[in-house]
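Enquirer: I would like the atomic coordinates for the input below:
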Amino acid sequence: MTKAALYDVIRKPIITEKATMASENGAVVFEVAIDSNKPQIKEAVEALFGVKVKAVNTTITKGKAKRFRGQLGKRKDVKKAYVTLEEGNTIDVTTGL
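Expert: Presented below is the predicted three-dimensional model:
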């Protein structure tokens, strides 16, 4: 995959309280493309960050129905990937690439 295609799979890191707790166990949380699968996510993380991935768990959060300027609308669905790294590998998501 090209570098641009890798960035299409991995959108951005997620930095929340839950993601910080997961990072204490050697996991990093990313927002990924909704149509990406686990092998694609694993390949993208290993290529972009130069680490060994142990496991990838994904979850899809359905978008909420909200009102936008009085009109009924819907937020987008979000797919998150919990990437568990091999022992000794780390990714610092607080700094840019």
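
Enquirer: most remote residue from this protein's center?
Expert: Within the chain, the residue lying farthest from the chain centre (C-alpha atoms, centre = their mean) is G70, at 31.9 Å.

Enquirer: quickly find the element holding the residue nearest to the spatial centre of the chain.
Expert: Geometric centre of the chain, nearest residue: F30, 1.6 Å, by C-alpha atoms, centre = their mean. Using DSSP states H and E, F30 sits within strand 27-32.

Enquirer: measure the residue nearest to the centre of the chain to V45 for me?
Expert: Relative to V45, F30 is positioned 7 Å away (criterion: C-beta to C-beta, to the nearest Å). Using the backbone N, CA and C atoms, a C-beta is placed for each residue, glycine as well.

Enquirer: next one: K3
Expert: With distances defined as C-beta to C-beta, the gap from K3 to V45 amounts to 13 Å.

Enquirer: higher neighbour count, those two?
Expert: Summary of the neighbour comparison: K3 and V45, criterion other C-beta atoms under 10 Å, with V45 having more neighbours (24 against 10).

Enquirer: tell me if I'm right that that one and V53 touch.
Expert: Yes - with contacts counted by C-beta atoms under 8 Å, V45 reaches V53, the gap being 5.5 Å.

Enquirer: between the two, what contacts are shared?
Expert: Residues touching both V45 and V53 (C-beta atoms under 8 Å, 6 or more residues apart in numbering): V83.

Enquirer: now do the same contact list for L72.
Expert: The contact partners of L72, taken as C-beta under 8 Å, 6+ apart, are 65-66.

Enquirer: doesn't it lie inside a strand?
Expert: Yes - per DSSP: H, G, I helix; E, B strand; the rest coil, L72 lies within a strand segment.

Enquirer: show the pLDDT at it.
Expert: Per-residue pLDDT puts L72 at 93.

Enquirer: I34 too?
Expert: I34 is assigned 95 on the pLDDT scale.
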